[in-house]
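[1] predicted structure and sequence below. I'll ask about it afterward.
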Amino acid sequence: MLRLMSRMLEEIREQPALWRERADALFEQARGIAKPTLVVFAARGSSDNACLYARYLFEVHLGVPCSLGAPSVITRYGGTPRYPEGTLVVGVSQSAAAPDVAEVLLSARRVGCSTLSITNSADGPVVEAAERNILLGAGEERSVAATKTFTLSLLAFYQLARSLGAPLPEPPGEWSLPDEAQAREQAAVAATAGILFTLGRGFHFGVAHEAALKMMECALLPSKPFSIADFAHGPIALVGPETAALVFGSDADDPTAKEIRARAEASGCRLLQAPAQPDLPEELRPLPASAFAQLVAWHAAEARGLDPDNPRNLSKITRTR
């Protein structure tokens, strides 16, 4: 049986207040960073999914190409990537303890790159390896599954893009969580799926990846994220009555998304739509969408008799090399 109130659920519900309270501080910490010619991200897990979101922000609004670095190039094979002048290497680690992310930052500094860490801990190898740090300030995150640190990472990237000159509006002064009753209803469907697909494009692509991770680690559901466009190139063959798909982002003006949704539904796939918040710019909708995915994962775990505060085979801090 789950506790009356879990750590994960408490931390999901803390997020709107944190988004409001931390927005200005995140922007101020990003001030003074020079606009790069290339951004390379180093991260694992949820932090890596946040970087997928950042890639769209920087490439769409700043015209700066981005790359997701492969830490094992350095830690396993001893490679030394030589990035062009003006490259910014960003290491993201909520705990600041990831040794492979720290190694990427140190390697980048040795070849003359600018380096930045984004962490929720003020101390650790990742902070020490970077020249600059953006501290999320989420407070202690006690649940094993990342919740508030993930969405604050998205907000940190949004504010970093603004500080670099992206023509984006200030975040709103007030935020609200998506409807938890709707999350519970969708979780009841997702919990019975043989395979759950999580689909999203553009700014919601990273959310789709994070949603799949949450469903796997909390509810032990086989889940796979895709861009809706990539979904059409093979994986859609798997859809049928035993599958479900949780879709993020609006497809009102996206003919590809509408076509793929129709094909999946015709094959018996149960389609679930994460609620959009049309009062927000598209670039900020991934924050409440991520919170909705977290709620779905929590309620799916509850429906399956699992405790998401104590996920199987996982601990809060994971160190890989």
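    Noted; the coordinates are in hand. Residues are numbered from 1 along each chain as shown.

[2] and the helices in the stretch 51-200 of the chain?
    Listed in chain order, the helices of the stretch 51-200 of the chain (DSSP state H, counting those that start in this stretch) span 72-75, 99-110, 125-129, 148-163, 180-190.

[3] out of those, which is closest to Leu284?
    Minimum separation from Leu284 across the helices of the stretch 51-200 of the chain (CB to CB) falls at helix 148-163, 6.7 Å. No exception for glycine: its C-beta is placed from N, CA and C like everyone else's.

[4] any idea how far the closest one is from the chain center?
    Taking CA atoms, centre = their mean, to the nearest Å, one finds helix 148-163 lying 10 Å from the centre of the chain it belongs to.

[5] quickly compare the helices of the stretch 51-200 of the chain and say which is most buried.
    The highest average neighbour count among those, using mean count of other CB atoms under 10 Å, belongs to helix 148-163 at a mean of 26.

[6] could you say what helices and strands that one packs with?
    In terms of contacts (3 or more CB pairs under 8 Å, 6 or more residues apart in numbering; DSSP states H and E), helix 148-163 is packed against helix 7-30, helix 45-61, strand 114-119, helix 286-303.

[7] run through who's touching the shortest one.
    Translated: strand 114-119. Residues lying outside strand 114-119 but in contact with it, judged by CB atoms under 8 Å, 6 or more residues apart in numbering, are 33-34, 36, 47, 87-96, 105, 108-109, 126-127, 129-136, 153, 156-157.

[8] same check on the longest one?
    Here helix 7-30 makes contact (CB under 8 Å, 6+ apart) with 133-139, 141-145, 147-148, 151-152, 155-156, 159-160, 162-164, 170-171, 173-177, 218, 287, 291, 294-295, 298, 308-309.

[9] do the second one as well
    By CB under 8 Å, 6+ apart, the list of residues contacting helix 45-61 from outside reads 39, 41, 43, 64-66, 68, 90, 92-94, 101, 118, 146, 149-150, 153-154, 157-158, 160-161, 164, 166-168, 202-203, 205-207, 209-210, 213, 283, 286, 318.

[10] pLDDT of that helix, averaged?
    Throughout helix 45-61, pLDDT has a mean value of 97.

[11] residues of it that come out buried?
    Residues of helix 45-61 classed as buried: 45-58, 60-61 (neighbour count, 16 or more other CB atoms under 10 Å).

[12] chain center to it, what's the gap?
    8 Å.

[13] check the third one too.
    Relative to its chain's centre, strand 114-119 lies at 17 Å (CA atoms, centre = their mean).

[14] quick check, Phe41 in a helix?
    No - membership of Phe41 in a helix is not supported by DSSP: H, G, I helix; E, B strand; the rest coil, which gives strand.

[15] quickly list what it is bridged to.
    Leu68, Val90 (DSSP bridges).

[16] so it makes contact with Ser93?
    No - taking CB atoms under 8 Å as the contact criterion, Phe41 and Ser93 are not neighbours in contact, 11.3 Å apart.

[17] who has more neighbours out of those two?
    Of the pair Phe41 and Ser93, Ser93 is the one with more neighbours under other CB atoms under 10 Å, namely 30 against 25.

[18] so what's that one up against?
    By CB under 8 Å, 6+ apart, Ser93 lies in contact with 43-44, 47, 101-102, 117-119, 124, 126.

[19] just the pLDDT for it.
    In the predicted model, Ser93 carries a pLDDT score of 95.

[20] which non-adjacent residue is nearest it?
    The shortest distance from Ser93 to any residue that is not its chain neighbour, by CB to CB, 6 or more residues apart in numbering, is 4.4 Å, and that residue is Val126.
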